[in-house]
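[1] my questions concern the predicted model and sequence given below.
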Amino acid sequence: MTILGVEEISCACCGKPFEISFLYSTNNLGQEGTDFHGRALGFQPLYTEAQTCPSCGFSGSGDELKNTKLDEYLKAFIDAEIRPLLKDLKEEMIPPWISFEYAARIALWRGIPINEIGHLYHMAAWCCDDCEEKEQEKRYREKAIEPFEKALQKNEIAKNEIGRHSYLIGENYRRIGDREKAVLWYDRAIEAAGQYPGQERLVALSIQQKTDPQEFMPRCKLNHAYPVMIPRLKIWQRQKRPLWRTILLLCAVPGVLCLAYLVWSPGKFSPEGRYDLRTNGIWLQHGWLGDDSWFQRNRKNKSLFRNDRKIQSLADLLGSHGVKYVFPHVCPASPNGEIAPVDPVQTERFLDHFGEFAVIPWVGGVLGVHCSPESPQWRTNFVSSVVDLLQSHPRLAGVQVNIEPMSSGNPDFLILLDELRQAMPAGKILSVAAYPPPTRWHPFPEGHWEESYFKQVAQRADQLAPMMYDTAIMLPKFYQHLMSGWTSEVLNWAGNTQVLLGIPVYDDAGVGYHFPHVENLQNALAGIHAGLSKYKTLPKNYAGIAIYCEWEMDLQEWNYLKEEFAGTQ
């Protein structure tokens, strides 16, 4: 629940006392908009991020209101430009969007980076969206777009953030009704995000908003089971209610639910290592095999990868944790179907050190951008380039196909797998980064495969690595419960095809479909252990886990894996 406190402070500008609100606690259980507007159930914590002195108009965060050192020039600006605006306000309390607007004006005068100015106006638009102030919302979105665009023009945005930034500009254009400019910026987002591993979902989101725009992230939609928990009255006025009444109301039913949640134990722990068969998998970053153009395009340091000592160190690390299958990133494919190029010398160097492993390059990309399996010519080029790679480097064990998103029932994907199977050299592994079964927690078909389709893919593959994450679940025990059920389902559905259970260790906070405090190594393993404990003997097709991804794993996570999965200290 969201619980507010009140503190009396002296304004850093005029010195007069006034009260500000601060958070004791909050939640993230509300719907997240496709403009990245996260919401809580109940009072929105966003409204405490910018507040205003009612005497002089100085606005900012609580810390800024208390501690900012203002010179005489800034005080004069506030007195001349902000204070007079207070007279025009009709509300008894200053609306939150006004506080963000005043904060943006002050920040602009202070020379704050232009991107942060845009973010303040964007948060003002979020407040208006909550409170159905449509005209004001449109005005603030227009004000946010200009500094966002300027920040890109001035190269003030990090390369790996350009896709997200471009998407946000496009989404704001869409929400003010400028469809043509929105599409232009969505295309730029698709192009920019497509260059970075791990941003496939942003590409997919951009495609969705370009072709079938939605107002909320894919967790629930307006007509699904989670309505927007925003009252019709002006929300900021809730602060005038006595705090004890709000707490009493919020604690009644949620208190019972919280107690039930606390005593529920859907996950299990297995420190004795009974489920570690020492045949686990892991996805590796592009630099281990990538060609020179990738390093130049992404401004990466070759010496971090093209180095015998570093390659051997990686091999030693993975081997000590029971990894056998490694999936180095060789994505995205070009739109004509050719897979991404590798450096031939580096590939052989890598294979020299990974002789005890099965090295299976990870190929594919974003459906409709890099991948067009419905096109016979695209499939021909894709299959041909895969065969060329395997023939040029015969020590490679096979390839793993990963195309996202991929809806259940897509016949073209099955044709692609058939053609790959027929063309690949004998003895090579055809692995598929598969999708997990449907779930009520995430009712979107593009991210899940029905049983019949899962079985059709399994019949065509030697190995499946279901991506058991990106569920948008916000509570750890619900994710553990889901992982337990998925473990049983995918092993039962896969038949004789080998299965590596894909688990998340990455941190994509703020994207709406992944919450790192929920989808992480600890909760994933707890769910998998619970699922495997249902079997008297392990299924023959179970091979272990597949970790996504190597470049996000830290020492603490490696140690946890060794203690809670491998069973060694």
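    Right, received. Where do you want to start? Model, not experiment: these values are computed from the prediction.
[2] got the end-to-end distance for stretch 5-19?
    10 Å (C-alpha to C-alpha, to the nearest Å).
[3] and stretch 60-78, average pLDDT?
    Averaged over stretch 60-78, pLDDT sits at 91.
[4] same question, stretch 95-105
    95.
[5] chain center to it: distance?
    Relative to its chain's centre, stretch 95-105 lies at 29 Å (C-alpha atoms, centre = their mean, to the nearest Å).
[6] so what's residue 377 up against?
    Contact analysis of residue 377 by C-beta atoms under 8 Å, 6 or more residues apart in numbering lists 336, 337. Backbone N, C-alpha and C define where each C-beta goes, glycine included.
[7] per-residue confidence at it?
    97.
[8] and residue 29, by the same measure?
    Residue 29 is assigned a pLDDT of 70 by the prediction.
[9] quick one: it and residue 40 touch, right?
    Yes - taking contacts as C-beta atoms under 8 Å, residue 29 lies within contact range of residue 40: 6.5 Å.
[10] in terms of neighbours, single out the busier of the two.
    Under the criterion of other C-beta atoms under 10 Å, the comparison of residue 29 against residue 40 puts residue 40 first, with 18 against 15.
[11] buried residues of stretch 13-25, list them for me.
    Neighbour-count burial for stretch 13-25 flags 13, 14, 18, 20, 21 (criterion: 16 or more other C-beta atoms under 10 Å).
[12] so where's the stretch 101-250 of the chain shaky on pLDDT?
    Along the stretch 101-250 of the chain, segments meeting pLDDT under 70 span 218-250.
[13] give me that answer again for 90
    For the stretch 101-250 of the chain, the stretches flagged by pLDDT under 90 are 110-111, 130-132, 155, 160, 194-201, 216-250.
[14] tell me which stretches of it form strands.
    With DSSP state E, counting those that start in this stretch as the criterion, the stretch 101-250 of the chain has no strands.
[15] quick one, phi psi at residue 282?
    The phi/psi pair for residue 282 (degrees, to the nearest 10) reads phi -160, psi 140.
[16] quick one, what contacts the nearest residue to it once chain neighbours are set aside?
    Spatial nearest neighbour of residue 282, chain neighbours left out: residue 547 (4.4 Å); criterion: C-beta to C-beta, 6 or more residues apart in numbering. Each residue near residue 547 by C-beta under 8 Å, 6+ apart is listed here: 280, 281, 282, 283, 323, 503, 505, 521, 553, 561.
[17] could you redo the buried residues of stretch 13-25 as a markdown table and give each row distance to residue 436 and secondary structure?
    Compiled in a markdown table, those are given as follows (distance: C-beta to C-beta, whole Å; DSSP: H, G, I helix; E, B strand; the rest coil):
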| residue | distance to residue 436 | secondary structure |
| --- | --- | --- |
| 13 | 54 | coil |
| 14 | 57 | coil |
| 18 | 52 | strand |
| 20 | 45 | strand |
| 21 | 41 | strand |
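[18] let me have the residues you listed in TSV, adding distance to residue 191 as columns.
    Putting those into TSV (distance: C-beta to C-beta, whole Å) gives the following:
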residue	distance to residue 191
13	45
14	49
18	48
20	43
21	42
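[19] closest one to residue 491 out of those, please.
    Residue 491 has its nearest neighbour among these in residue 21, at 50.4 Å by C-beta to C-beta.
[20] which residues does the closest one bridge with?
    Per DSSP bridges, the residues bridged to residue 21 are residue 6.
[21] correct me, but it touches residue 52?
    No - distance between residue 21 and residue 52: 11.7 Å, which falls outside the contact criterion (C-beta under 8 Å).
[22] so where do the helices sit in the stretch 451-569 of the chain?
    451-460, 476-493, 521-532, 555-561 (DSSP state H, counting those that start in this stretch).
[23] so which of those gets nearest residue 303?
    Across the helices of the stretch 451-569 of the chain, closest to residue 303 is helix 555-561 (C-beta to C-beta), at 22.0 Å.
[24] tell me how far the spatially closest residue to residue 146 that is not a sequence neighbour lies from residue 77.
    Closest residue to residue 146 apart from its sequence neighbours, by C-beta to C-beta, 6+ apart: residue 118 at 7.4 Å. The gap separating residue 118 from residue 77 is 20 Å, by C-beta to C-beta, to the nearest Å.
[25] neighbour count for those two, which is higher?
    Comparing residue 118 with residue 77 by neighbour count (other C-beta under 10 Å), the higher total belongs to residue 118, at 24 against 16.
[26] tell me the contacts of the more buried one?
    With contact set as C-beta under 8 Å, 6+ apart, residue 118 has these partners: 144, 145, 146, 147, 148, 151.
[27] equivalent analysis for residue 200, please.
    Residue 200 sits next to 193, 365, 366, 404 when contact means C-beta under 8 Å, 6+ apart.
[28] and it, how far from residue 370?
    Distance from residue 200 to residue 370, by C-beta to C-beta: 10 Å.
[29] kindly report the same for residue 196.
    Relative to residue 370, and taking C-beta to C-beta, residue 196 is found at 13 Å.
[30] with neighbour numbers in mind, choose between these two.
    Comparing residue 196 with residue 370 by neighbour count (other C-beta under 10 Å), the higher total belongs to residue 370, at 25 against 18.
[31] name the nearest residue to that one, sequence neighbours excluded.
    Leaving aside its chain neighbours, residue 370 sits nearest to residue 332 (3.9 Å; criterion: C-beta to C-beta, 6+ apart).
[32] residues touching the one you found, list them.
    Residue 332 touches 194, 340, 364, 365, 366, 369, 370, 371, counting by C-beta under 8 Å, 6+ apart.
[33] closest to residue 443 among the residues you listed?
    Looking across the contacts of residue 332 and measuring by C-beta to C-beta, the closest to residue 443 is residue 366, at 22.1 Å.
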